[in-house]
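**Student:** next one to model:
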Amino acid sequence: NTAGHDRQECIKCPPGTFSVSAAAFPDTLAVARAAEAPLLCASCVRGATCLGGADIIAQAGFWQDMALREGRRAEASSNDVKFYQCPPGVCEGNNSCTEGSHGPVCGLCEEGWGRQ
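**Tutor:** Below is the predicted model:
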């Protein structure tokens, strides 16, 4: 049936939502672990901007855990998407640090730099 609410199809998650793992239709042979696979797109999490699909970036003031950014999504779920609040004024967004800062949550000073 392709008409009405009985239709099931794969859709790209819209902006404001995301999915980092393969979704599956229940009762199909397509996925061995179909019962464990998500069916819906997850709501965007605090500190993130969700552009749709699997595109998630850190907002200014937050740092994204790099595990998913570096392509290790095979075993990932929406619970694995983690954002951490940065010290004030050092995270510019999309895991970029202000000048003189680097590292996770921009919490380290470059050589010759210090915190006030």
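**Student:** so what pLDDT did residue 21 get?
**Tutor:** If you check residue 21, the pLDDT there is 71.
**Student:** go on, residue 68?
**Tutor:** On the pLDDT scale, residue 68 is placed at 56.
**Student:** ok, now the one 3 residues further on?
**Tutor:** The predicted local distance difference test score for residue 71 is 54.
**Student:** likewise for the one 4 residues further on?
**Tutor:** The pLDDT attached to residue 75 in the predicted structure is 55.
**Student:** ok, now residue 37?
**Tutor:** 47.
**Student:** in this structure residue 49 contacts residue 56, no?
**Tutor:** Yes. Contact status for residue 49 versus residue 56: in contact at 7.3 Å, counting by C-beta atoms under 8 Å. Every C-beta, even on glycine, is put in place using the N, C-alpha and C of the backbone.
**Student:** just the CA atoms of the helix or strand hosting residue 51, as PDB, please.
**Tutor:** Using DSSP states H and E, residue 51 falls within strand 48-52. Listed next in PDB are the C-alpha coordinates belonging to strand 48-52 (Å, rounded to 0.1, in the frame of the first residue of the first chain):
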ATOM      1  CA  ALA A  48      24.300  20.700  19.100                       C
ATOM      2  CA  THR A  49      23.000  22.000  15.800                       C
ATOM      3  CA  CYS A  50      21.400  19.200  13.900                       C
ATOM      4  CA  LEU A  51      21.400  20.000  10.200                       C
ATOM      5  CA  GLY A  52      19.400  16.900   9.200                       C
END
